[in-house]
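1. Sequence below, structure please.
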Amino acid sequence: MKPVCVLGNGQLGRMLRQAGEPLGIAVYPIGIDAEPESVPYQQSVITAEIERWPETPLTRELAGHNAFINRDIFPRLADRLPQKQLLDSLSLATSPWVALESPDQWPELFASLGNFLIVKRRTGGYDGRGQWRIKPGDEAALPPEIYGQAIVEQGIPFDGEVSIIGARNASGKTVFYPMTHNLHQDGILRTSVAFPKHLSHRQQQAESMLTAVMNNLDYVGVMAMECFIVGDQLLINELAPRVHNSGHWTQNGATISQFELHLRAILNLPLPEPEVYCPAVMVNLIGTEVNLQWLDLSLVHLHWYQKEVRPARKVGHLNLSHPDNDTLTATLDVLVTLLPPEYQSGIEWAKIKLS
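-> Down below sits the predicted model:
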């Protein structure tokens, strides 16, 4: 099988490499320190783990390479302006939005979108960075350079946050995981819960929306779609043309992980729909030192990224799955005693979802 080069060498690239090993697929995450002579990029299929990768002569060459799957789609979806325009062109529901070009827009923005607005940088700005919650009077604190580089969205009083992860191959076949329920705090994903798939109205709606996007783009690989639940409706928040944090539970909760599924799709390998047999929980480890006592719990799978621990930095995650909700909840009760106090609310939220 062809090797795979991954633009970016963070935790997602690392997990793609791990997923490739059992299948005999050599995966090369490419960061700042990659040596061109050690990477067989001329014979490789090229993908990316993140929308903004390190800038080096090698990554510039890979980014323009004909073997870069979704090469022309990546920059389009990495920019929130053309991403929103794509969703509008497909008549897919999002929160009302406007491109932010000038400070003179604010009176009209508050009049048309309301008094609670979200400003997002067009590129970057994930995990709560590059985003601002704005009420009348707060706009004066925005950095002047944001104008022309951001969009403004109406603040939505949503009932919940979910994501769906699907994959599409070159022949147009699509497969999906069950929708994932997500809890964000300070703009960072803290906890995810997923259940065995059933074709609810919401699942069907999400699959239909993501299929429309992938088919329109002729996309190949795994894509994530984050949504707000507003009553019976799903509003698309953002798209990610890659494997995604909210799909990490699939490593231990599905028959095929999102990382393996992505490799299968881009290498044109068989693409069966992953099976999910029992509820799964993922807890993001954010700015927290490793605690080997987590491994005393037989349901806990530790994924540690071997990164320097810093505040607000994702350094790992914990996956748990079990067919009995009570057993899963009992493990969460023990786990929360082994985590810092700020994890309490996320664990309680997961227990409520499981109940």
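2. Ile134: neighbour count?
-> 20 (other CB atoms under 10 Å). All C-beta atoms are positioned from the backbone trio N, CA, C, and that covers glycine.
3. go on, Gly20?
-> 22.
4. looking at this, it is in a helix?
-> Yes. Secondary structure of Gly20 (DSSP: H, G, I helix; E, B strand; the rest coil): part of a helix.
5. Return the list of strands paired to the helix or strand that Val6 is a member of, each annotated with direction.
-> Here Val6 sits within strand 4-7, counting by DSSP states H and E. Strand 4-7 pairs in its sheet with strand 27-30 (parallel), strand 45-48 (parallel), by DSSP bridges.
6. Longest helix of the chain, counting residues only.
-> Longest helix of the chain, by residue count under DSSP state H: helix 201-217.
7. what does that helix contact?
-> By CB atoms under 8 Å, 6 or more residues apart in numbering, the residues outside helix 201-217 that reach it are 70, 73, 76, 86-87, 90, 92, 162, 164, 166, 168, 172, 174, 176, 178-179, 197, 219, 223, 225, 227, 229, 232, 234, 236, 239.
8. Can you tell me, leaving aside adjacent residues, what's nearest to the most centrally placed residue in the chain?
-> Nearest to the mean C-alpha position of the chain, by CA atoms, centre = their mean, lies His244 at 3.0 Å. Ranked by CB to CB, 6 or more residues apart in numbering and with sequence neighbours excluded, the top spatial neighbour of His244 is Ala224, at 3.4 Å.
9. Is the one you found located within a strand, as I assumed?
-> Yes. The assignment for Ala224 is a strand, going by three-state DSSP.
10. Tell me what it is bridged to.
-> Taking DSSP bridges as the rule, Ala224 bridges to Ile165, Ala240.
11. Please shift the residue numbers so they start at 17 in all later answers.
-> Yep, numbering from 17; the last one is Ala240 now.
12. Measure how buried it is and give me the count.
-> Look at Ala240: counted by other CB under 10 Å, it has 22 neighbours.
13. just the helices in the protein please.
-> Assigned by DSSP H, the chain shows helices spanning 27-36, 73-79, 89-94, 96-105, 122-129, 217-233, 266-269, 274-282, 341-352, 360-370.
14. List the buried residues for the second one?
-> The neighbour-count check on helix 73-79 (16 or more other CB atoms under 10 Å) flags 74-75, 78-79 as buried.
15. who's in contact with that helix?
-> Counting by CB under 8 Å, 6+ apart, 21, 23, 46, 50, 52, 55, 57, 62, 69, 84, 87 sit against helix 73-79.
16. go on, the shortest one?
-> Applying CB under 8 Å, 6+ apart, the set of residues contacting helix 266-269 from outside is 31, 181, 193, 210, 272-275, 277, 290, 292, 294-296, 317, 319, 335-337.
17. The last one too?
-> The contact list for helix 360-370, computed with CB under 8 Å, 6+ apart, reads 197, 199, 201, 206-207, 209, 295, 297, 299, 341, 344-345, 348-349, 351-352, 355.
18. let's go with 7 Å and repeat that
-> Residues outside helix 360-370 that contact it (CB atoms under 7 Å, 6 or more residues apart in numbering): 197, 199, 206-207, 209, 295, 297, 299, 341, 344-345, 348, 351-352.
19. Separate out the buried members of those.
-> The neighbour count (16+ other CB under 10 Å) marks 197, 199, 206-207, 209, 295, 297, 299, 344-345, 348, 351-352 as buried among the contacts of helix 360-370.
20. Which one of those is nearest to Ala157?
-> Among the buried ones among the contacts of helix 360-370, Arg206 lies closest to Ala157 (CB to CB), at 26.3 Å.
21. State the distance from the nearest residue to the closest one once chain neighbours are set aside to Asn198.
-> Nearest residue to Arg206 in three dimensions, chain neighbours excluded: Gly362, at 4.2 Å (CB to CB, 6+ apart). Remark: distance between Gly362 and Asn198 (CB to CB, to the nearest Å) = 10 Å.
22. coming back round to it: kindly reformat the contacts of helix 360-370 as a markdown table and extend each row with pLDDT.
-> Below are these laid out as a markdown table (pLDDT from 0 to 100):
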| residue | pLDDT |
| --- | --- |
| His197 | 98 |
| Leu199 | 98 |
| Arg206 | 97 |
| Thr207 | 98 |
| Val209 | 98 |
| Pro295 | 98 |
| Val297 | 98 |
| Val299 | 98 |
| Asn341 | 95 |
| Leu344 | 98 |
| Thr345 | 98 |
| Leu348 | 98 |
| Leu351 | 98 |
| Val352 | 98 |
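23. Buried residues, stretch 283-299. List them.
-> Along stretch 283-299, these residues count as buried under the neighbour rule (16+ other CB under 10 Å): 283, 287, 289-290, 292, 295-299.
24. on that earlier part again, kindly state the pLDDT recorded for the residue nearest to Arg206?
-> On the pLDDT scale, Gly362 is placed at 98.
25. for the nearest residue to Phe84 once chain neighbours are set aside, what are its contacts?
-> Among residues not flanking Phe84 along the chain, Ile62 sits closest, at 4.0 Å (CB to CB, 6+ apart). Shown in contact with Ile62 (CB under 7 Å, 6+ apart): 21, 23, 78, 81, 83-85.
26. for Ala42, same thing?
-> With contact set as CB under 7 Å, 6+ apart, Ala42 has these partners: 19, 36.
27. ok, now Arg30?
-> 45, 321 are the contacts of Arg30 under CB under 7 Å, 6+ apart.
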